[in-house]
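**Q** Task: produce atomic coordinates for the following.
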Amino acid sequence: MAQEFELLSHTADSKIRAYGITLEELFRNTLKGMFASIKPYGTHITYKNDELICSKFTLQHTVTTHSLDLQSLLVDFLSDCLYLSDIHNEAYFDARFTLLTSTELQCSIFGVPIAGFELLEIKAVTYNDLAIEQNQDGIWQATVVFDI
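**A** Have a look, this model is predicted:
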């Protein structure tokens, strides 16, 4: 799949739309999009034509999340990753799932230490305009708004 995510305009917050052939790919690309939207900077991060490039992952965390439904699972997963980012001063750009259902997931997330963000930090992952759907071609897409 060519496009992993896109940054969308929003009046006061940050908004992305992510794509994936599988739910795993959708969740991974939403994670990438969340961090790319606020432009982290650090030793292993560069930008080429406004596209974030992470040269190598130097750290890993395990994330386990349980929720009521798929939409809540995505919000909770991203919120857990945001929490880890805040307490460790890191950004994450990849996830490998060992379990992903409509109500629970377990994965390893991979990222790098960061020096900060060029844009405002994300305060929260919201349910505002949240959507997860699969189109006629079987491609998943998620729209997520972040409170900044």
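**Q** What helix or strand is F77 located in?
**A** helix 70-88 (DSSP states H and E).
**Q** ok, and what's touching that helix?
**A** Counting by CB atoms under 8 Å, 6 or more residues apart in numbering, helix 70-88 makes contact with 23, 27, 30-31, 34-35, 59, 61, 63, 65-67, 90-92, 102-105, 109, 111, 113, 121-122, 124-127, 130-132, 142, 144, all of which sit outside it. Using the backbone N, CA and C atoms, a C-beta is placed for each residue, glycine as well.
**Q** tell me the contacts of the most centrally placed residue in the chain?
**A** Note on the chain: the residue nearest the mean C-alpha position is L31, at 1.3 Å, using CA atoms, centre = their mean. Applying CB under 8 Å, 6+ apart to L31 gives the contacts 77-78, 81, 92-95, 109.
**Q** quick revisit: now the next helix or strand after the helix holding F77 against helix 70-88, angle please.
**A** Toward the C-terminal end, the helix or strand that comes next after helix 70-88 (DSSP H and E) is strand 90-100. Here strand 90-100 runs at an angle of 140 degrees relative to helix 70-88 (axes from the mean of the first three to the mean of the last three CA atoms, to 10 degrees).
**Q** pLDDT averaged over strand 90-100 - what is it?
**A** The average pLDDT for strand 90-100 rounds to 97.
**Q** Return the residues in contact with R28.
**A** Contact criterion CB under 8 Å, 6+ apart gives 20, 94-95, 97 as the residues in contact with R28.
**Q** Can you select the buried ones among those residues for me in PyMOL?
**A** Typed into PyMOL, the next command selects the buried ones out of the contacts of R28 (criterion: 16 or more other CB atoms under 10 Å):
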select buried, resi 20+95+97
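**Q** name the element T143 belongs to?
**A** strand 140-147.
**Q** Return the distance of the residue nearest to the centre of the chain relative to D80.
**A** With distances defined as CB to CB, to the nearest Å, the gap from L31 to D80 amounts to 10 Å.
**Q** so where's this protein uncertain?
**A** Using pLDDT under 70 as the threshold, the predicted model of the chain has low-confidence ranges 1-2.
**Q** 80 - rerun?
**A** Per-residue confidence for the chain (pLDDT under 80) gives these ranges: 1-2, 10, 49-51, 119-120.
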